[in-house]
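# Okay, structure incoming, though there's no sequence with it:
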């Protein structure tokens, strides 16, 4: 009898270890989402005997092996690689000019999509049959990988090529929030009329860009290879940081709220070990937490370099649940001693927000509730549009 009780107890422990939550009488089993790139059998035959171009960077991995190396070892004819902001290896500073080069390991040419050209040229595409896009995005409008995706869809459509998206989970895919971009504020930090947090994977966003003809009036020959075991309630721990200054999920979840500080006097933690997890400036009124930004790889000459900054540390909050908010911007502006010097580049701030009225409202002392009510109607319309393009079960 004792052995039977021990066996039953052991089975119960194993069951609890896999159960992530209960809802009513249903037990949900937690399964880690799998990026499409890892399911080679779902797309490898589509690439056989084709001249292939890859839109990839350092996040384009299968376990710890780069997609380029995997495809080459599988006999796929990869002709060239296209690289977005931060470069093929993902070690360039934000906004740094990226030149064309060659991959030293394979000798394959690398065409920059973050230098003088933002999209593949007709000449680049003439030697290809199809392109494969596999980049880990974070679901935030002003994170520029989605702009690269927009331009790639346009170029592929206009040149009658095929595009395959190897989808990846969205670590900010569990909600939708923020103002929808107004057309006159389109730029590389926001090309599509979507909110700051848009709640789509790259594959779903590609379907929307194509379906709404935002990148081209022509239909794209688009194939999306979906993730496995993913839905919009999934939590996903990124195996590779998507850019030099987003080192972990905490920074990724805080990024939508904190990036608005970039064109201000306030440091967002670049040049520290808590990038996008601390905010502060050289004004004691901003908070009791202190830090000093210094040169670091991926963050040369950061804002307030060498200056003692006062502010707050957000590395310990539940950023996944906290979600996008203007509260940090509003409170820091209110506390800043020299308000006329708080914003260092108002034009860029407006491009990040996708409008000009948020800047005016912050300066006029409006609260977050008053400001967010102004975008609520546009956000509701976007949510209805979004439903058309979902590939995965939506968040509750």
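It's in. Treat the numbers as computed from the prediction; the structure is a model and nothing was measured.
# Could you check the pLDDT of the residue nearest to residue 241 when sequence neighbours are not counted?
The shortest distance from residue 241 to any non-neighbouring residue, by Cβ to Cβ, 6 or more residues apart in numbering, is to residue 247 (5.2 Å). For every residue, glycine as well, the C-beta is placed using N, CA and C. We note a pLDDT of 96 for residue 247 in this prediction.
# didn't residue 247 look like it was pressed against residue 238?
No: here residue 247 lies out of contact with residue 238, judged by Cβ atoms under 8 Å, at a distance of 9.9 Å.
# Would you quantify the distance from residue 158 to residue 213?
Separation of residue 158 from residue 213 (Cβ to Cβ, to the nearest Å) stands at 12 Å.
# oh sorry, the question was meant for residue 71
Distance from residue 71 to residue 213, by Cβ to Cβ: 31 Å.
# what does residue 284 give?
52 Å.
# Please report how far residue 388 lies from residue 179.
In terms of Cβ to Cβ, residue 388 sits 21 Å off from residue 179.
# meant to ask about residue 372
Taking Cβ to Cβ, one finds residue 372 at 8 Å from residue 179.
# Looking at those two, which one has more neighbours?
Taking other Cβ atoms under 10 Å, residue 372 and residue 179 do not tie; residue 179 has more neighbours (23 against 18).
# dump the residue contacts of the more buried one.
195, 196, 353, 354, 355, 358, 374, 375, 378, 379 (Cβ atoms under 8 Å, 6 or more residues apart in numbering).
# Now do the SS call for residue 260.
Assigned by DSSP: H, G, I helix; E, B strand; the rest coil, the conformation of residue 260 is helix.
# contacting residues for the closest residue to it other than its chain neighbours?
Excluding the flanking residues, the one nearest residue 260 by Cβ to Cβ, 6+ apart is residue 329, at 5.2 Å. When the contact criterion is Cβ under 8 Å, 6+ apart, the partners of residue 329 are 257, 260, 261, 362.
# rewinding a little: inside helices: which ones of the contacts of residue 179?
Counted as lying in helices by DSSP state H, out of those, are 353, 358, 374, 375, 378, 379.
# where does the chain dip in pLDDT?
1-30, 86-87, 89-100 (pLDDT under 70).
# Give me the most central residue, it.
residue 138 (2.2 Å; Cα atoms, centre = their mean).
# just checking, that residue touches residue 252?
Yes: contact criterion Cβ under 8 Å: residue 138 and residue 252 qualify, at 5.1 Å.
# what's near enough to touch residue 154?
Residue 154 touches 119, 215, 216, counting by Cβ under 8 Å, 6+ apart.
# Buried subset of those, written for PyMOL?
To isolate the buried members of the contacts of residue 154 in PyMOL, using 16 or more other Cβ atoms under 10 Å:
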select buried, resi 119+215+216
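# okay, residue 158 and residue 213: which has more neighbours?
residue 158 (16 against 13).
# how close does the more buried one sit to residue 221?
Taking Cβ to Cβ, one finds residue 158 at 12 Å from residue 221.
# Residues that sit against both of residue 138 and residue 252, list them.
With Cβ under 8 Å, 6+ apart as the test, residue 138 and residue 252 both reach 171, 172, 242, 246.
# how close does the third one sit to residue 74?
By that I understand residue 242. 25 Å.
# likewise the first one?
Residue 171 sits 28 Å away from residue 74 when distances are taken as Cβ to Cβ.
# and those two? which has more neighbours close in?
Taking other Cβ under 10 Å, residue 171 and residue 74 do not tie; residue 171 has more neighbours (23 against 11).
# Phi and psi next, for that one.
phi -70, psi -10 (degrees, to the nearest 10).
# Test my guess that it contacts residue 139.
Yes: at 6.9 Å, residue 171 counts as touching residue 139 under the criterion of Cβ under 8 Å.
# Surely residue 149 forms part of a helix?
Yes: counting by three-state DSSP, residue 149 is found in a helix.
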